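1. the following comprises the amino acid sequence and a computationally predicted model.
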Amino acid sequence: MPIRQLSETMINQIAAGEVIERPASVVKELVENALDAGAGKVEVVTAGGGLNLIRVTDDGSGILEPELAMAIARHCTSKLTEDINDIRSLGFRGEALPSIGSVSRLSIRSRTATSDSAAEIGIEGGRVLPVRPAAANRGTTVEVRDLFFATPARLKFMKGERAESSATSDVVKRIAIAFPAVHFTLAGSDRSTLELPATDDSPEGSLRRVAQVIGAEFPDNSIAIDAMREGVRLTGHVSIPSFTRANALQQYAYVNGRPVRDKLIAGAIRGAFADVLPRDRHAVTVLFLTLDPAVVDVNVHPAKADVRFRDPGLVRGLIVGAVRQALADAGIRAATTGAAGMMAAFRPGAASYGHGGPANGHRSYEASYHASGPAGFDPTRSPQRPLDMGFEGAGFEGPGQRGLRENEQAAFDAGPLASADARAGQSEAAETLLGAVLGAARAQVHENYIVAQTRDSLIIVDQHAAHERLVYEALKNALHSRAVPSQILLLPEIVDLPEEDAERLAMHSETLARFGLGVERFGPGAVAVRETPSMLGETNVQQLVRDLADEIADNDTVDTLKERLDKIAATMACHGSVRSGRLLKAEEMNALLRQMEATPGSGTCNHGRPTYIELKLADIERLFGRR
Ligand code: ADP
Ligand code: MG
């Protein structure tokens, strides 16, 4: 067959294969165009999951009649000038409209502020229809019917109305978070209407938009992030560790206002939360990166959702650092949804957890209230004695220590039975404690729950979970404040590596040494390992060193070792903590509460479950119908 130039329609259909994967991709491209045109209001209507109809209407700048034909021609754009390194609009490739027009029946009706009538152009399976006059207000309406009618092979891959509709909602929500000042509606015969009224571009307005999309409970259960490093700014919100999801779908990331799905950002979020979340739980996050367009490449894939950073290590470091810092600064905090769930469970006549979850519609936090110790554990007989590392001051003695049984607690409870003298002395101390975040310990119930009282609330602490967290933090501190004990290998282990890897490891040998790993260059293609962190025990040195080399190559950091050590610390903490079933004395309980207050991250245990819950007095009064 001779070589021939493909027809314009064919070229566009080939491009459509990449740009237009499904109805949601059409919606994404059309909404991006509306936003690039400066719209204040964007309305999306779909039918048949978007396969029958997608209509996007905006009140933006509009297209001049003589330019309508250009808008649907390939490689025609009003957005890119001469500099591909300075992209500030969502679109820039000039291929969305011609691609869509090559696989569907597309029409564009538009009117600019200066023209006194609208005009319309159509394109069906690549065949351009003549421009004709039309009636419309300022702005643009793009209508796409019978998507993929011209490419039946693609049509076969569609997942069904409901799946396509939900992909479309996701696209609109994702983009809406980046444009809080724009009013979005998404409606149609095949869906319930999603309405996102405009807020504004301030940080508060942005958070209100996030709440519209993610849920009204998010702001109260999240922490603000605002950090800057070498010209890269990171803002947004991340959920507190007790507010999580089973998948990472609720993680929204933006680079210069463009929604992106980026492995590096996702990995950084995972790294930042690695300490506070179990593997199968995911934080809810909304993060905006703002940086010079010249140091990020958005021209990676036609769908424009991938990016490449010139300095990936910087971006990763910024995210991990800022999020960890924010989590630490926020200190202890229990999810309000936990208390809300409990309220619903308490409320007379409320549905029980086993049947449809709490009445407020939030995800059930049932699991949050389970003690995590093994049943029938007897602390006095267990070989797993509590670890005392960094915890001596807290008043925890050995497990043989006899605590207070529930019926003996009156002795320290400032109740009516106490003598007047004792009461006076105690109430003074108690009065101060009431002002503390976790208040004054009042009792231990079911041998694992500390009941404490603050001025305006009742606190219930899961003592095992809390102690586990505290031990973990102490271990981690010991780790990161260098004193990581190492063991010297009898025979240095030689690891053969590509020369670049050996070089990289050698460059980081000082940092590695701080973590107890002694590595040095051993000829061009190898390193010698002389010491390993004792905590790791018998470890596969070859594997560890190779993983580290890979990580340094990818990110220019040595987080792998840190993460491994953190994981070991978590495991040790879990084995070494006060199990439920341990009876505590009043001082011990109060010491635990104070220690929790002083320890960042102690609002959740190492597995991400809350360590305490708080019930406001006002809510308790409501339960009893006093309010
Ligand atoms: P790109 O967005 O990459 O420029 P498109 O094919 O999506 O390419 O759009 C082509 C051009 O049509 C845009 O550059 C813009 O000038 C114009 N256009 C498309 N949609 C709109 C709209 N809703 N309002 C105003 N102009 C639009
Ligand atoms: Mg576009």
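-> In hand now; what should we look at? Ligands and ions are numbered 1, 2, ... in the order given.
2. going by C-alpha atoms from here, please, whenever you check contacts or count neighbours.
-> Fine.
3. which parts of the chain sit against ligand 2?
-> Contacts of the chain with ligand 2, taken as C-alpha under 5 Å from the ion, map to 33, 91.
4. domain map for the chain?
-> 8-195, 199-329, 332-346+422-627 (automatic domain parsing).
5. mean pLDDT for the ones you listed: which is lowest?
-> Among the domains of the chain, domain 332-346+422-627 carries the lowest mean pLDDT, a mean of 76.
6. show me what the biggest strand by length in the chain is packed against.
-> If you go by DSSP state E, the chain has its longest strand at strand 486-496. Contacts defined by 3 or more C-alpha pairs under 8 Å, 6 or more residues apart in numbering; DSSP states H and E place strand 486-496 against strand 526-533, helix 541-555.
7. just those: most buried one?
-> Of all these, strand 526-533 has the most neighbours on average by mean count of other C-alpha atoms under 10 Å, namely a mean of 22.
8. list the contacts of that strand.
-> If you take C-alpha atoms under 8 Å, 6 or more residues apart in numbering as the criterion, strand 526-533 is touched by 484-489, 491-499, 502, 505-506, 515-522, 541.
9. buried subset of those?
-> By neighbour count, with 16 or more other C-alpha atoms under 10 Å, the contacts of strand 526-533 hold 484-488, 494-497, 502, 505-506, 515-521, 541 as buried.
10. do you know how far the residue in the stretch 101-250 of the chain that ligand 2 sits nearest to is from ligand 1?
-> Proximity of the stretch 101-250 of the chain to ligand 2 (C-alpha to the ion) peaks at V142, 11.9 Å away. The gap separating V142 from ligand 1 is 7 Å, by C-alpha to the nearest ligand atom, to the nearest Å.
11. report the beta-bridge partners for that residue.
-> Beta bridges link V142 to V56, I108, judged by DSSP bridges.
12. list the contacts for it?
-> 30, 55-57, 106-109.
13. what is the nearest of the residues you listed to A272?
-> Distance to A272, by C-alpha to C-alpha, is smallest for L30 among these, at 34.8 Å.
14. SS state for R93?
-> coil (DSSP: H, G, I helix; E, B strand; the rest coil).
15. okay, now it: neighbour count?
-> 17 (other C-alpha atoms under 10 Å).
16. sorry, back to before: how close does the residue of the stretch 101-250 of the chain closest to ligand 2 get to I459?
-> Here V142 is placed at a distance of 56 Å from I459 (C-alpha to C-alpha, to the nearest Å).
17. over to T81?
-> Taking C-alpha to C-alpha, one finds T81 at 61 Å from I459.
18. pick out whichever of those two has more residues nearby.
-> I459 (23 against 10).
19. correct me, but the more buried one touches Y612?
-> Yes. Between I459 and Y612 a contact is recorded at 6.9 Å, counting by C-alpha atoms under 8 Å.
20. chain center to the longest strand of the chain, what's the gap?
-> 39 Å (C-alpha atoms, centre = their mean, to the nearest Å).
21. strand partners (parallel or antiparallel) of it?
-> Sheet partners assigned to strand 486-496 using DSSP bridges are listed as strand 526-533 (antiparallel).
22. who's in contact with V495?
-> V495 sits next to 526-529, 542, 545 when contact means C-alpha under 8 Å, 6+ apart.
23. and the gap between I11 and ligand 2?
-> Counting by C-alpha to the ion, to the nearest Å, the separation of I11 from ligand 2 is 17 Å.
24. run a quick neighbour tally on that residue.
-> Neighbours of I11 (other C-alpha under 10 Å): 15.
25. return the distance of it relative to A24.
-> In terms of C-alpha to C-alpha, I11 sits 22 Å off from A24.
26. Y612 is in contact with V461, correct?
-> Yes. With contact defined as C-alpha under 8 Å, V461 reaches Y612; the gap is 4.1 Å.
27. neighbour count winner among the two?
-> Between V461 and Y612, counted using other C-alpha under 10 Å, the more crowded position is Y612 (30 against 25).
28. next, that one: phi, psi?
-> phi -150, psi 160 (degrees, to the nearest 10).
29. contact partners for it?
-> Neighbours of Y612 in contact, by C-alpha under 8 Å, 6+ apart: 334, 459-462, 466, 603-604.
30. and if you look at L68?
-> Contacts of L68 by C-alpha under 8 Å, 6+ apart are 108, 120-121, 131.
31. then I87?
-> 80, 293.
32. so how far is V296 from it?
-> Noted for I87: a distance of 10 Å to V296, by C-alpha to C-alpha.
33. go on, V445?
-> 56 Å.
34. what's the burial count for whichever residue of the stretch 51-200 of the chain sits closest to ligand 2?
-> The minimum distance from the stretch 51-200 of the chain to ligand 2, using C-alpha to the ion, falls at G91 (4.2 Å). If you count neighbours by other C-alpha under 10 Å, G91 ends up with 22.
35. touching, it and E32? I think so.
-> Yes. Proximity of G91 to E32 meets the contact threshold set by C-alpha under 8 Å, at 6.8 Å.
36. SS state for G236?
-> What three-state DSSP gives for G236 is strand.
37. write out the residues of the stretch 1-150 of the chain neighbouring ligand 1.
-> With C-alpha under 6 Å from any ligand atom as the criterion, the stretch 1-150 of the chain meets ligand 1 at residues 33-34, 37, 60-63, 71, 76-79, 91-97, 140.
38. just the buried residues from those, in ChimeraX please.
-> To isolate the buried ones among these in ChimeraX, judged by 16+ other C-alpha under 10 Å, type:
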select :33,34,37,60,61,62,63,71,76,77,79,91,92,93,94,95,96,97,140
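39. which of the contacts of V495 are close to ligand 1?
-> Restricting these to those within reach of ligand 1 (C-alpha under 6 Å from any ligand atom) leaves nothing.
40. nearest residue to R233 other than its sequence neighbours?
-> In this structure, R233 finds its nearest non-sequential neighbour in T290, 5.1 Å apart by C-alpha to C-alpha, 6 or more residues apart in numbering.
41. number of nearby residues for the one you found?
-> T290 has 17 nearby residues by other C-alpha under 10 Å.
42. how far off centre is the helix or strand containing H467?
-> H467 belongs to helix 463-480 when assigned by DSSP states H and E. Put simply, helix 463-480 sits 23 Å off its chain's centre (C-alpha atoms, centre = their mean).
43. how about the strands in the stretch 101-250 of the chain?
-> Applying DSSP state E, counting those that start in this stretch to the stretch 101-250 of the chain gives strands spanning 105-111, 118-124, 127-134, 139-145, 183-187, 194-196, 222-229, 232-239, 244-245.
44. for the stretch 501-627 of the chain, same thing?
-> Counting by DSSP E, counting those that start in this stretch, the strands of the stretch 501-627 of the chain are 518-521, 526-533, 612-616.
45. follow-up on the earlier one: for T454, which of the helices and strands packed on strand 486-496 is the nearest?
-> Nearest of these (C-alpha to C-alpha): strand 526-533, 43.0 Å.
46. hmm, back to that, between the strands of the stretch 501-627 of the chain, which one is nearest to F179?
-> So among the strands of the stretch 501-627 of the chain, strand 612-616 is nearest, using C-alpha to C-alpha, at 35.5 Å.
47. give me the sheet partners of that closest one and which way each runs.
-> strand 457-462 (antiparallel).
48. quick one: distance of the strand it pairs with to the chain centre.
-> 27 Å.
49. one more: stretch 239-247?
-> How far stretch 239-247 lies from its chain's middle: 8 Å, per C-alpha atoms, centre = their mean.
50. what does the stretch 451-600 of the chain have sitting close to ligand 1?
-> Contacts of the stretch 451-600 of the chain with ligand 1, taken as C-alpha under 6 Å from any ligand atom, are absent.
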